[in-house]
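Undergrad: Have a look at this fold, sequence not included:
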DNA sequence: TCTGAAACGAGAGCGCTGCTCTCGAATGAG
DNA sequence: CTCATTCGAGAGCAGCGCTCTCGTTTCAGA
């Protein structure tokens, strides 16, 4: 039953977006009274949480698959493949993407159970970068002047993720990650409307940008 | 009266976010019946549009001020100042930022009247880049392999914005712009929670990233 | 100064929402 | 076979966007 509800909710999310998600509408479609659905989800927010985890897991799976499938490739290729995979997922599931990477629902605080699924994507990316460092494909390059606080956060991140990546490379990894999601968000949320033609032009611009970020990651000019 | 409604709506947006915006609540606070408010805004979406334009104008103004105040500075400094100004505005008005740069409200299509205010920020940024090109601070560097479609979009953008910027530089400008808003969105939407400590560490990481993007813009390694 | 149209506000009401409470029916372990 | 637990339905509350009607206010032109 819970699975059935989730399935209908998933479809409603895909079709109309998170804001239009209604427990009553889901109950109606299932053929159940609106009050009965509260046996399975104590509140609308609980349903949200389930869908948020589902979305994080979906994008995490896509990222992990891209990471695993490119183990023998060069780092820029691995990065571009990962980025392209995430973008493809986002374009295929825009409302799910907006649910997790768009504006947070006011009054809704994502519980602790979402952090592990949320970390899968970034971790896959960090593994690619760490492999590049270990394999000598990445040169540290100029190291930014970081203060103790940022260095401490970076150190925690390194131990938490279990990767060996120098500060300079980690900084560039953040850069690439931010740029990737900034790009996808701008595309999906319509900020490129009237500027970059959707379709081939948008695809090509994305690829060019990801290639540039790949060069940035390895430390090439 | 319209101004009064807008003022209350603005405060409600700032306090509770766009999703919680209620015409009835606004009417209640003003001391007016819920139906009377429809004399001034024919629908909730119209109110949204007004607030969207207000937000775009606010960030545009901040960007233009940063651009105008740094006319005699180096390009990396101008870029960092602009970026910092936009981030400061976003942190001061998170719900307004989320309204325009977060997930679009499903079923709501921003009308044509929003495109001019929306363009103010990007245009200020492009003017800075164009000044850098004209002043010789920016070297074109390696030119990416762009296809005809992207080149055409870039050409339209150049004429529309009235700036002379080569394709290679325009590509890097997109990169910087995406990274800037990706960074701000990740910060504001909580995706850096548990990774980068809020406050000084987050501020420093942002500055370091913007400096790197400044070097990217001018074409330095 | 009077008149009539336009502008304005209030109230009732429709259908929708999340959520709670109560009560009856099904279920299944002892 | 019994009885506690689980499940579902219905009514109801307060909120929402929005519409319709009707009385009041305002004010320009005759």
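TA: Perfect, thanks for sending it. The structure presented is a predicted model; accordingly, all values stated were derived computationally and were not measured.
Undergrad: how about residue A:141, phi and psi?
TA: Dihedral pair for residue A:141: phi 70, psi -160, per degrees, to the nearest 10.
Undergrad: and it, what does it touch?
TA: A:168, A:169, A:172, A:219, B:221 (Cβ atoms under 8 Å, 6 or more residues apart in numbering or on different chains). No exception for glycine: its C-beta is placed from N, CA and C like everyone else's.
Undergrad: can you check residue A:165 too?
TA: A:126, A:129, A:130, A:133, A:158, A:173.
Undergrad: what do you get if the cut-off is 10 Å, keeping everything else the same?
TA: Residues near residue A:165 by Cβ atoms under 10 Å, 6 or more residues apart in numbering or on different chains: A:126-127, A:129-130, A:132-134, A:138, A:140, A:154, A:157-158, A:171-173.
Undergrad: Next step: those residues restricted to helices.
TA: Within these, residues falling in helices by DSSP state H are A:126-127, A:129-130, A:132-134, A:154, A:157-158, A:171-173.
Undergrad: Please produce TSV containing these, extended by distance to residue B:36 and pLDDT.
TA: Conversion of the ones in helices among the contacts of residue A:165 to TSV gives the following (distance: Cβ to Cβ, whole Å; pLDDT from 0 to 100):
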residue	distance to residue B:36	pLDDT
A:126	56	98
A:127	60	97
A:129	59	97
A:130	62	97
A:132	63	96
A:133	65	96
A:134	68	95
A:154	56	98
A:157	54	97
A:158	60	97
A:171	55	96
A:172	56	96
A:173	55	97
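Undergrad: Please convert these to TSV, extending it with distance to residue B:31 and neighbour count.
TA: TSV is the format used below for those (distance: Cβ to Cβ, whole Å; neighbours: other Cβ atoms under 10 Å in any protein chain shown):
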residue	distance to residue B:31	neighbour count
A:126	55	22
A:127	59	21
A:129	58	25
A:130	61	20
A:132	63	23
A:133	64	18
A:134	67	12
A:154	54	21
A:157	52	19
A:158	57	17
A:171	54	20
A:172	56	24
A:173	54	25
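Undergrad: Closest one to DNA strand C out of those, please.
TA: DNA strand C has its nearest neighbour among the ones in helices among the contacts of residue A:165 in residue A:157, at 34.8 Å by Cβ to the nearest atom of the strand.
Undergrad: Correct me if wrong: the closest one contacts residue A:164.
TA: No. Using Cβ atoms under 10 Å, residue A:157 is not in contact with residue A:164; the gap is 11.7 Å.
Undergrad: Mind checking what secondary structure residue A:146 has?
TA: Three-state call for residue A:146 (DSSP: H, G, I helix; E, B strand; the rest coil): coil.
Undergrad: what sits against the closest residue to it other than its chain neighbours?
TA: Take residue A:146 and drop its neighbours on the chain: the residue closest to it by Cβ to Cβ, 6 or more residues apart in numbering or on different chains is residue A:167, 5.8 Å away. Neighbour list for residue A:167: A:140, A:143, A:144, A:146, A:150, A:151, A:154, A:155, A:158, B:208 [criterion: Cβ under 10 Å, 6+ apart].
Undergrad: by contact count, what packs against the longest helix along chain A?
TA: Within chain A, and with DSSP H defining each element, the longest helix by residue count is helix A:44-69. Counting contacts by 3 or more Cβ pairs under 10 Å, 6 or more residues apart in numbering or on different chains; DSSP states H and E, helix A:44-69 is packed against helix A:2-16, helix A:23-30, helix A:75-92, helix A:94-101, helix A:115-134.
Undergrad: out of these, which comes closest to residue B:98?
TA: Among the helices and strands packed on helix A:44-69, helix A:94-101 comes nearest to residue B:98, with 11.4 Å by Cβ to Cβ.
Undergrad: what angle do the closest one and helix A:44-69 make?
TA: Here the directions of helix A:94-101 and helix A:44-69 differ by 100 degrees (axes from the mean of the first three to the mean of the last three Cα atoms, to 10 degrees).
Undergrad: Quickly check: helix A:94-101 near chain B or not.
TA: Yes. Helix A:94-101 comes into contact with chain B (Cβ under 10 Å from any Cβ of the partner chain), by way of A:94, A:95, A:97, A:98, A:99, A:100, A:101.
Undergrad: For the residue lying closest to residue A:134 once chain neighbours are set aside, give me its contacts.
TA: In this structure, residue A:134 finds its nearest non-sequential neighbour in residue A:164, 7.1 Å apart by Cβ to Cβ, 6+ apart. Shown in contact with residue A:164 (Cβ under 10 Å, 6+ apart): A:130, A:133, A:134, A:158.
Undergrad: Next: residue A:159.
TA: Counted by Cβ under 10 Å, 6+ apart, residue A:159 has zero contacts.
Undergrad: can you pull the pLDDT of it?
TA: On pLDDT, residue A:159 comes in at 96.
Undergrad: looking at chain A, which residue lies furthest from center?
TA: Largest separation from the mean C-alpha position in chain A: residue A:33, at 35.6 Å (Cα atoms, centre = their mean).
Undergrad: Would you mind measuring from that one to chain B?
TA: Separation of residue A:33 from chain B (Cβ to the nearest Cβ, to the nearest Å): 26 Å.
Undergrad: how far away is that residue from residue B:4?
TA: Distance, residue A:33 to residue B:4, by Cβ to Cβ, to the nearest Å: 43 Å.
Undergrad: same deal with residue A:123?
TA: As judged by Cβ to Cβ, residue A:123 and residue B:4 stand 51 Å apart.
Undergrad: again with residue A:81
TA: Going from residue A:81 to residue B:4 by Cβ to Cβ gives 55 Å.
Undergrad: more neighbours, the two?
TA: Relative neighbour count places residue A:81 above the other of residue A:81 and residue B:4, with 19 against 12, counting by other Cβ atoms under 10 Å in any protein chain shown.
Undergrad: Around DNA strand D, which positions in chain A sit nearby?
TA: Proximity of chain A to DNA strand D (Cβ under 7 Å from any atom of the strand) is limited to residues A:1, A:31, A:32, A:33, A:34, A:35, A:36, A:39, A:40.
Undergrad: out of the contacts of residue A:164, who's nearest chain B?
TA: Of all these, chain B sits closest to residue A:158, with 11.4 Å by Cβ to the nearest Cβ.
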